[in-house]
Structure formats: structure tokens, C-alpha cells
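# Fold the following.
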Amino acid sequence: MSKRFKPPAAGELASVDLADCAYASELSEVVGVVSLTGQGGWRPCDQYEVHCFEFAAWRGADDVLVEKPLTILRPVKKVGKAFDDFKAATVHRVQLLLSVDQTRAVFVKELDSAEDEELEGIGRRLKEPVVIQTAQFGLLTLDRRINVFEGQVNWNGQMVSLTIQPDENLDISNQMKTAETLFSDSQVWGEKVRKFAVREKLDLANEWQDEEISEEEFLRRMTLESISIRPEGRFEFWHDDGDLFWGHSIQICGSLKEGLTFSDIPG
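Down below sits the predicted model:
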């Protein structure tokens, strides 16, 4: 918890953003609609915490509509009490310090008169479900909080979650080609993933356990839960660890071009 709320001075606003990002020298007035992506926060110092949210679309002084996300960093006394201030799909007029590339901003204050019919329409559309019917994978539904399409699919006789990350225009055509290629050879890829997991993580599992784990026991306890398809032919296999790593996931990553390249136990 912050010891004493002391927001940054006008000349120190850019320091709120720890990313390598250049900021303008003057403040801007912006009206925008809050996206459905998750909000977050952190405590960078004793004087304030940072509430992070996003405008899905916005316009500045030139009145030109920008339909690209704007990440907003807002100094607050306590993040946990800040999320309800900017609810998803609501429209707000705010004063900000914009980054030079206009992708990020540091919040200064909220202003009156936030009415904007076009942005309010975008807010209504954000709440509408986006569903794609696919020949091989059935219905895929967009989860706007994390901006991925999701569905349930059969992988070698087991039902798992399939998530596909779209581009900024919600296009998944290239990712679908990756998924179709991967699933057309699912038996081979499934075996590759299992062998790669054993090679990469069996020794580590034995370091975490009180007794030695065999390859067979490792594979029995590792259970596939989801497959994520990303741009440029990349994919990730996510497994429940069966308590091999005390509840951490087992993540296996790769691409159609390079094969399996990386493993981790996040969580």
C-alpha cells in the first residue's frame, strides 16, 4: 500500500511509464471509449500506484477518430479501488500526456463533457459477440478481454481448448492455416511435444519431487489443456502439470518452420 499519495508533478509525468518510449512536451485532451481488455496495476514507488487501462478508440484535438488501442497509465492512491472508475465500453474525456507515437499515455485528470455518439456506438459494438464458423474447428468466439478467438476441439481423441490470436483487424486467416496444418498431422506433433517435454523438463521435475519420476509417470501426469495459435506460424501447447511442478503449467512452444523450440513452467 502507498504510504502517502503524491502524484507525479507535471514535469515528471513521463517517468510514470517505465517502457522505452518518448513523450510529447505538452498535454492533450482526448475522448475515448474504454476497451474490454483486462485492467491492471502495479506499485512503482511509495508515493503512488499505477492503474493501467486502454482506450479501444479515441480522438484528440484534431477530431480524427483513431481506431487503435491507446494504453493509459494512471497514477492512483490504490489500484484495487480504481478499476470501477473506467468501466469497459464507457466513454470518457481526459487530459493526458501522449507518447510521440500516440500508442501510450500518462493520465492527468478526467474532464467534463464526454458525449461522443460515434465512440458510444463503438462501445455498444464492443459488447456484441464476435463468432466465426470454421469448417474444421466449429465455432470460435472472440474473448475481447484478452483479444483471442476460443473454441473446443478434438486433439488426438481429447477435447482441448483452442485459442487463436488475431491481427489488429481481427483477421485469423494465416493463423487458421497454421492450425489446419498442425491438426492435419496431430499424431506426429503430439508425439513430438511429449518427447520434447520429457527431454526438457523430466530432470527438473525430479529436482522438484521427493522421489524419482520415470518418463512414463511424467507423461501420465502431464495433461494437455489448450493449444494457442499465434501469428507467423507459431503455436504453444499448455499442459496441466499433475503437480510435477507444484501447480505450474508446462508450456511447449514452436513453429511450423522451426519445430519445437522452447519450454517453460509459468504460473
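
# use CA for all of it now, contacts and neighbours both
OK.

# wait, Met265 sits on Ile250?
One correction, residue 265 is Ile, not Met. Yes: Ile265 is within contact range of Ile250, at 4.7 Å (criterion: CA atoms under 8 Å).

# ok, these two, which is more surrounded?
More crowded of Ile265 and Ile250, by other CA atoms under 10 Å: Ile250, with 24 against 16.

# Hmm, the more buried one is touching Asp264, no?
Yes: between Ile250 and Asp264 there is a contact under CA under 8 Å: 6.1 Å.

# Could you give me the buried positions within stretch 140-151?
Going by neighbour count (16 or more other CA atoms under 10 Å), the buried part of stretch 140-151 is Leu140, Thr141, Leu142, Asp143, Arg144, Asn147, Val148, Phe149, Glu150, Gly151.

# no, scratch that, I was asking about stretch 257-267
Residues of stretch 257-267 classed as buried: Leu260, Ser263, Ile265 (neighbour count, 16+ other CA under 10 Å).

# Restricted to strands, list the residues you listed.
Using DSSP state E, the members of the buried residues of stretch 257-267 that fall in strands are Leu260, Ser263.

# okay if I get the buried residues of stretch 257-267 as CSV plus pLDDT?
Formatted as CSV, these follow (pLDDT from 0 to 100):
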residue, pLDDT
Leu260, 98
Ser263, 98
Ile265, 98
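
# From the buried residues of stretch 257-267, pick the one nearest Ala10.
Nearest to Ala10 among these: Ile265, at 41.9 Å, using CA to CA.

# Tell me how far that closest one lies from Arg194.
According to CA to CA, to the nearest Å, Ile265 and Arg194 sit 15 Å apart.

# what do you get for Leu219?
From Leu219 across to Arg194, the span is 7 Å (CA to CA).

# which residues sit in contact with Arg59?
Contacts for Arg59 (CA atoms under 8 Å, 6 or more residues apart in numbering) come out as Val30, Val31, Gly32, Leu65, Val66.

# I figured the third one hits Lys87, correct?
It stands for Gly32. No: using CA under 8 Å, Gly32 is not in contact with Lys87; the gap is 12.0 Å.

# the more surrounded of the two?
Gly32 (30 against 16).

# Which helix or strand lies directly C-terminal to whichever helix or strand the more buried one is part of?
Of the helices and strands defined by DSSP states H and E, Gly32 is found in strand 28-34. On the C-terminal side of strand 28-34, the closest following helix or strand by DSSP H and E is strand 40-42.

# ok, residues contacting that following strand?
For strand 40-42, the surrounding residues in contact (CA under 8 Å, 6+ apart) are Glu49, Val50, His51, Cys52, Phe53, Val79.

# Could you report the pLDDT at the residue nearest to the third one when sequence neighbours are not counted?
Ranked by CA to CA, 6 or more residues apart in numbering and with sequence neighbours excluded, the top spatial neighbour of His51 is Gly41, at 4.5 Å. Here, the pLDDT recorded for Gly41 equals 95.
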